[in-house]
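Colleague: structural data only, the sequence is not supplied:
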């Protein structure tokens, strides 16, 4: 049984790789719930949506100026989120995309260094706007709302530590991965539009 499973795994990989291989490094992928599609960010600065049945790209979004480090999908599947590489305040942004039109909704600028991770946050206030968070190598986590161009809240970690990853938790809190190898938890308080370390 073990040998049979191993053979199937090899056949599956051999089938997928020729269809989706391209020269730029893939930086992140996220599943679009309720579909057979996934979204993919890469170092070629382009966001793509792939169909897992045909193994072909079904959407390609306008190329950006900076490498895309991460991507995420809203809970309703209608919006995509990316964040980009950069330095000294250039690039370093999150971008909200409308999956129905493949058009950019808005750039969200505020980090000073490469924005390493981005994630939608669900269930915060029940309103029509999307909430999301970003983290950056500038050592900050920022909270955003889709109808506002500036971050509604920001929190810093200790000096000299860069932030590399975010993971949404129950209740809207965030797990934050630090370059030091530690994981911290960040509380999100919507009524005060604030962030605080656990």
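Modeller: It's in. Since this is a predicted model, take the numbers as computed values, not measurements.
Colleague: so residue 32 makes contact with residue 38?
Modeller: Yes: under the criterion of Cβ atoms under 8 Å, residue 32 makes contact with residue 38 at 6.3 Å. C-beta coordinates here come from the backbone N, C-alpha and C atoms, glycine included.
Colleague: what about this structure, any weak spots by pLDDT?
Modeller: Low-confidence segments of the chain (pLDDT under 70): 1-23, 159, 191-193, 198.
Colleague: tell me the centre residue of it?
Modeller: residue 71 (2.9 Å; Cα atoms, centre = their mean).
Colleague: which helix or strand contains that one?
Modeller: strand 68-73 (DSSP states H and E).
Colleague: ok, that strand: who's next to it in the sheet?
Modeller: strand 79-84 (antiparallel) (DSSP bridges).
Colleague: about what we covered before: which neighbours do residue 32 and residue 38 share?
Modeller: Residues touching both residue 32 and residue 38 by Cβ atoms under 8 Å, 6 or more residues apart in numbering: residue 49.
Colleague: residue 196: what secondary structure?
Modeller: Following DSSP: H, G, I helix; E, B strand; the rest coil, the label given to residue 196 is strand.
Colleague: mind listing what the closest residue to it other than its chain neighbours touches?
Modeller: Nearest non-adjacent residue to residue 196, counting by Cβ to Cβ, 6 or more residues apart in numbering: residue 187, 4.8 Å away. Residues in contact with residue 187 (Cβ under 8 Å, 6+ apart) are 173, 195, 196, 197, 198.
Colleague: drop anything exposed from these.
Modeller: Buried members of the contacts of residue 187, scored by 16 or more other Cβ atoms under 10 Å, are 173, 195.
Colleague: and the residue nearest to the centre of the chain, how far is that from residue 129?
Modeller: Distance, residue 71 to residue 129, by Cβ to Cβ, to the nearest Å: 20 Å.
Colleague: how about residue 167?
Modeller: Using Cβ to Cβ, we find residue 167 at a distance of 22 Å from residue 129.
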